[in-house]
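*Asks:* What follows is a predicted protein model with its sequence.
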Amino acid sequence: MIDALAATPAITRRADYTPPDWLVPDLDLDFDLAPERTRVRASLSVTRNGTHDRPLRLDGDGLVALAVRVDGADASWRMDGPALVVDLPGDAHSVETEVEIVPARNTQLMGLYASGGILCTQCEAEGFRRITFFPDRPDVLTRYRVRMAADKARYPVLLANGDPVASGEGESGRHWAEWHDPFPKPSYLFALVAGDLAANRATFTTASGRAVQLGIWVREKDLPKTDHALHALELSMAWDERVYGREYDLDVFNIVAVDDFNFGAMENKGLNIFNSRYILADPDTATDYDYDAVAAVVAHEYFHNWSGNRVTCRDWFQLSLKEGFTVYRDQQFSADQGSAAVKRIEDVRGLRAAQFPEDGGPLAHPVRPDEYLEISNFYTATIYNKGAEVIRMMATILGPQKFRAATDLYFQRFDGTAATCEDFVACMEEAGGADLTQFRLWYSQAGTPRVTATLDHAAAEARAHLTLRQTVPPTPGQPHKAPMVLPLKLKLFGGETAAPLIEERLVLLKDAETRIAFDGVTERPVLSINRSFSAPVIVDTNRSAADLAFLSAHDDDPFARYEAMQQLMLDTLVAAVTQGRADHGPVIDAVANTLADPALDHAFVAEAVLLPSDSFIGDQLAVVDPEAVFQKREALRRDLGRALEAQWRTLYESVRANRFEYSPAGKGARRIKSVALGYINAGGAADGPDLAFAQFDAADNMTDRQGALTTLANSPSDKRIAALDIFYHRYSDNGLVLDKWFQTQALSTRADTLDAVEDLARHPDFTLANPNRARALIGAFAVNQRAFHSADGRGYRFVADQLIALDKLNPQTAAKLVPPLGRWRRFEADRATKMRAELERILAQPGLSKDMTEQVSKSLD
Ligand code: PHE
Ligand code: ZN
């Protein structure tokens with residue numbers, strides 16, 4: 001029978017939170033593992049929480065109870081939809097259940113599933129209920145004892161959370177292992193793994209002298225690619241001790257890499273499970289970008305041991321409590337490993353690429369949402385990246401010492417509990433001595449604040465006035481916004497001498513409008529504002545192209561320097577699109593200056609000279625014609641390539657013959673090499689494709705090889721076919737590199753990309769069943785502003801077809817790919833109509849998942 005309620009899934013609201021009716025201090029799990037049939041026996045010790053007479057309600061998802069016993073005797077129970085309900089007479093009982101599940105058929109990759117011969121689990125947010133009946137909510141903290149048995153030949157390694165306590169041989173080729181996790185944890189942190197795995201091991205000695213056995217578990221053939229991840233783990237452990245005073249707390253810390261994974265990685269207590277793309281790295285197969293991502297994700301998951309596991313979330317509305325804070329921590333960690341300025345530039349670029357559009361579109365939600373249909377849809381750039389910016393702002397307001405005192409207080413006060421964002425802010429206030437009443441709006445108001453900064457100079461009075469105004473745009477469900485606290489770092493430079501006129505200061509803009517006077521300003525001042533991107537806002541200023549060029553050459557904050565160049569480029573491109581033409585001269589001169597500045601390192605220069613992306617340019621426009629944006633951007637790229645050809649070539653030659661070395665300098669050189677190659681080709685140099693092919697061919701590392709391949713994939717040259725072919729055959733047995741092969745083609749700016757991508761979707765190596773592969777082709781194509789927005793609407797139809805197919809396998813991964821179509825309002829009428837029509841077609845599919853229903857219907861509202 002079809003449950004009528006299933007068709008209209010219920011909304012969960014933050015305001016409705018109530019503490020759990022029953023607690024589960026202890027849980028024994030017994031797994032009889034096999035891909036086609038796994039039997040799960042659970043024994044829960046339950047205690048009534050408070051005075052009430054409500055039954056025990058255990059969440060389930062697709063589970064059938066084979067047996068239910070209370071205190072060892074058969075009990076009466078009933079199903080309420082997917083949940084198991086048991087009436088219990090007393091205040092403490094033991095409840096046993098038994099179910100069977102089929103990991104091999106789990107295509108959603110939530111719960112217990114099979115990935116390339118490995119059995120593994122993914123429980124966040126609500127996957128545990130697909131394994132066993134349980135109060136699957138983060139505020140129920142339980143001590144786990146796990147026993148698992150499996151065929152020894154197929155699954156020689158058996159891992160779970162905590163410490164291993166026993167193991168032995170069973171009958172008919174089976175063996176078993178038992179693990180205990182002494183730390184009470186919510187069910188979303190449960191994990192087990194069974195597989196034919198080998199470990200790269202090390203011992204880490206903590207600050208207090210305890211030895212921790214580290215293991216990175218992969219298939220034997222991948223072991224040589226795990227040194228970077230293992231090293232990153234050791235660095236992370238030492239860093240968290242040094243910077244936050246946080247020590248690791250178990251005797252073992254294991255990481256397992258699997259090929260099929262919905263997200264990047266998962267912080268299960270003592271047993272992190274990773275998407276293999278964030279573990280495996282060697283020079284031949286991973287780019288510098290991949291190396292950095294591996295280190296950042298290893299750090300992120302490790303840091304969760306405190307910010308997430310020791311202190312967890314009361315409910316899923318508090319998700320940013322662990323994610324925003326942990327992203328902030330991993331950003332700080334990465335900044336400490338190399339160039340902090342370049343790291344900040346990359347983080348801001350990511351924020352603008354993913355979070356700003358989210359905040360300005362139909363899926364906008366606060367950092368602490370008020371309601372959801374499907375929690376999986378809230379693992380967003382807003383929760384993670386805007387959440388990290390919110391923590392960063394508090395750190396800026398408090399200063400480093402008080403911020404550390406506040407995080408110490410937070411960890412100490414809430415250790416072993418499930419906390420809220422409010423708890424965190426209260427610690428910031430208490431230990432930081434700050435009043436964050438108004439600041440809390442960052443948690444409740446969605447939308448990117450907009451600041452207008454107008455600087456006036458009265459030369460005769462030697463005085464400057466800065467007028468700051470803020471507005472926060474309406475977002476779905478939030479038509480009216482109050483002014484927020486915006487921490488803006490600013491500084492004034494002399495427009496002629498480049499000397500600082502007013503030293504950097506932190507202004508907390510709290511009102512809708514503020515006027516600040518600066519005395520003793522005799523020279524014409526130039527405003528440097530939102531330095532180091534101190535607030536995640538959009539700033540409009542009355543600075544001329546000349547002022548921006550000046551700052552791009554003279555500002556002493558590298559981020560502000562980058563930002564001035566970006567703004568100059570953006571102003572130029574927006575003028576080109578809206579007025580049909582623009583003067584490229586100022587951008588060319590500013591880029592020439594940057595290239596000629598001996599004080600700048602390669603990594604910074606490579607970031608500074610890159611044009612803003614098509615989509616970021618589009619975000620500045622009232623109505624987007626993506627083809628026009630593409631053409632104007634290409635025109636500026638071509639002019640930069642041509643006008644500065646000699647400089648690009650000199651730069652290119654200076655690093656061309658470098659041998660691979662994994663170091664900040666080596667990375668910077670490779671980055672500038674591919675950027676220069678791109679500009680030489682954009683300028684139309686006759687030998688451009690040959691240069692690219694030579695780089696592709698001679699490369700001793702993936703960064704150079706993929707950099708050259710990207711240039712070729714965009715080029716009219718037929719060298720591109722040869723290069724793609726060579727690349728494919730060289731790496732045909734390496735899934736992660738094949739993802740790059742698909743992705744590079746899906747991102748091509750060539751006019752025939754849509755045809756190529758339709759062919760690739762029929763390629764024997766393409767499959768929607770692997771999330772990395774689906775994202776490499778469909779996800780990449782959907783952000784390719786030119787090809788996806790093909791005027792005939794074929795790109796939209798293609799993506800919609802793929803999402804409909806993917807939803808049947810893996811709704812979570814499908815739902816994450818909806819936002820590009822959901823941006824229809826931003827585009828010119830003809831495209832907007834076609835995009836809408838595809839969303840409507842998706843919504844009309846029978847059996848559409850809750851995940852997709854939420855994303856698509858919100859996008860249509
Ligand atoms: N909690 C994981 C992280 O950010 C992300 C994740 C969420 C992974 C849900 C899987 C499922 O570290
Ligand atoms: Zn996380």
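*Replies:* On my side now, so go ahead. Ligands and ions are numbered 1, 2, ... in the order given.

*Asks:* now what about stretch 742-760, what contacts it?
*Replies:* Contacting residues not belonging to stretch 742-760 are listed as 630, 634, 706, 709-710, 713-716, 724, 763, 765-766, 773, 776-778, 780-781, 783-784, 786-787, 790, 794-795, 798 [Cβ atoms under 8 Å, 6 or more residues apart in numbering]. C-beta: built from backbone N, CA, C; applies to glycine.

*Asks:* Put the alpha carbons of that stretch into CSV.
*Replies:* The C-alpha trace of stretch 742-760 is given here as CSV (Å, rounded to 0.1, in the frame of the first residue of the first chain):
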residue,chain,number,x,y,z
PHE,A,742,35.9,13.8,-18.7
GLN,A,743,35.9,17.0,-16.7
THR,A,744,38.4,18.8,-19.0
GLN,A,745,36.3,18.1,-22.0
ALA,A,746,33.1,19.1,-20.2
LEU,A,747,34.6,22.5,-19.3
SER,A,748,35.9,23.2,-22.8
THR,A,749,35.0,26.6,-24.1
ARG,A,750,34.8,25.3,-27.7
ALA,A,751,31.6,25.8,-29.6
ASP,A,752,31.1,22.0,-30.1
THR,A,753,31.4,21.1,-26.4
LEU,A,754,27.7,20.2,-26.0
ASP,A,755,28.0,17.6,-28.8
ALA,A,756,31.2,16.2,-27.3
VAL,A,757,29.6,15.9,-23.8
GLU,A,758,26.6,14.1,-25.2
ASP,A,759,29.0,11.6,-26.8
LEU,A,760,30.9,11.3,-23.6
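
*Asks:* Off-centre distance for it?
*Replies:* Relative to the centre of its chain, stretch 742-760 is centred 24 Å away, using Cα atoms, centre = their mean, to the nearest Å.

*Asks:* Can you point out the buried residues in it?
*Replies:* By 16 or more other Cβ atoms under 10 Å, the buried positions in stretch 742-760 come out as 742-750, 753-754, 756-757, 760.

*Asks:* Nearest to Pro558 among those residues?
*Replies:* Leu747 (27.7 Å; Cβ to Cβ).

*Asks:* how close does the closest one get to Ser613?
*Replies:* Leu747 sits 11 Å away from Ser613, going by Cβ to Cβ, to the nearest Å.

*Asks:* Now the closest residue to ligand 2 within the stretch 601-750 of the chain, what are its backbone angles?
*Replies:* For the stretch 601-750 of the chain and ligand 2, the shortest gap (Cβ to the ion) falls at Leu736, measuring 21.2 Å. Per-residue torsions, Leu736: phi -70, psi -40 (degrees, to the nearest 10).

*Asks:* Which residue, other than its chain neighbours, is closest to it?
*Replies:* For Leu736, ignoring the flanking residues on the chain, the nearest one in space by Cβ to Cβ, 6 or more residues apart in numbering is Arg277 at 5.3 Å.

*Asks:* Touching, the one you found and Asn770? I think so.
*Replies:* No. Between Arg277 and Asn770 there is no contact under Cβ atoms under 8 Å: 10.9 Å.

*Asks:* before we move on, the earlier item: from what I can see the residue of the stretch 601-750 of the chain closest to ligand 2 touches Asn772, true?
*Replies:* Yes. At 7.2 Å, Leu736 counts as touching Asn772 under the criterion of Cβ under 8 Å.

*Asks:* Now do the shared contacts for those two.
*Replies:* Contacts common to Leu736 and Asn772, judged by Cβ under 8 Å, 6+ apart, are Arg277.

*Asks:* Just the element for Trp442, please.
*Replies:* Per DSSP states H and E, Trp442 falls inside helix 441-444.

*Asks:* In that helix, which residues are buried?
*Replies:* Of the residues in helix 441-444, those buried by neighbour count under the rule 16+ other Cβ under 10 Å are 441-443.

*Asks:* Which ones among the buried residues of stretch 742-760 also lie next to ligand 2?
*Replies:* With Cβ under 5 Å from the ion as the criterion, these include none near ligand 2.

*Asks:* quick revisit: I'd like to know which of the buried residues of helix 441-444 is nearest to ligand 1.
*Replies:* Tyr443 (18.6 Å; Cβ to the nearest ligand atom).

*Asks:* For Asp315, see how far away the closest one is.
*Replies:* To Asp315, Tyr443 is 14 Å away according to Cβ to Cβ.

*Asks:* Now for Val218, how many residues are close by?
*Replies:* Using other Cβ atoms under 10 Å, Val218 is surrounded by 25 other residues.

*Asks:* my read: it touches Phe274, true?
*Replies:* No. Val218 is beyond contact range of Phe274, at 9.4 Å (criterion: Cβ under 8 Å).

*Asks:* between these two, what contacts are shared?
*Replies:* 256-257.

*Asks:* Leaving out the residues flanking it, which one is nearest to Arg581?
*Replies:* Nearest to Arg581 is Ala575, by Cβ to Cβ, 6+ apart, at 7.9 Å.

*Asks:* Take the helix or strand hosting Phe204, keep the C-alpha atoms, and write them as CSV.
*Replies:* Assigned by DSSP H and E, Phe204 belongs to strand 198-205. Provided in CSV are the C-alpha atoms of strand 198-205 (Å, rounded to 0.1, in the frame of the first residue of the first chain):
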residue,chain,number,x,y,z
ALA,A,198,46.7,-2.5,3.1
ALA,A,199,47.8,0.2,5.4
ASN,A,200,50.4,2.9,5.2
ARG,A,201,51.3,3.2,8.9
ALA,A,202,52.9,5.6,11.3
THR,A,203,53.0,6.3,15.0
PHE,A,204,52.2,9.8,16.3
THR,A,205,53.2,10.8,19.8
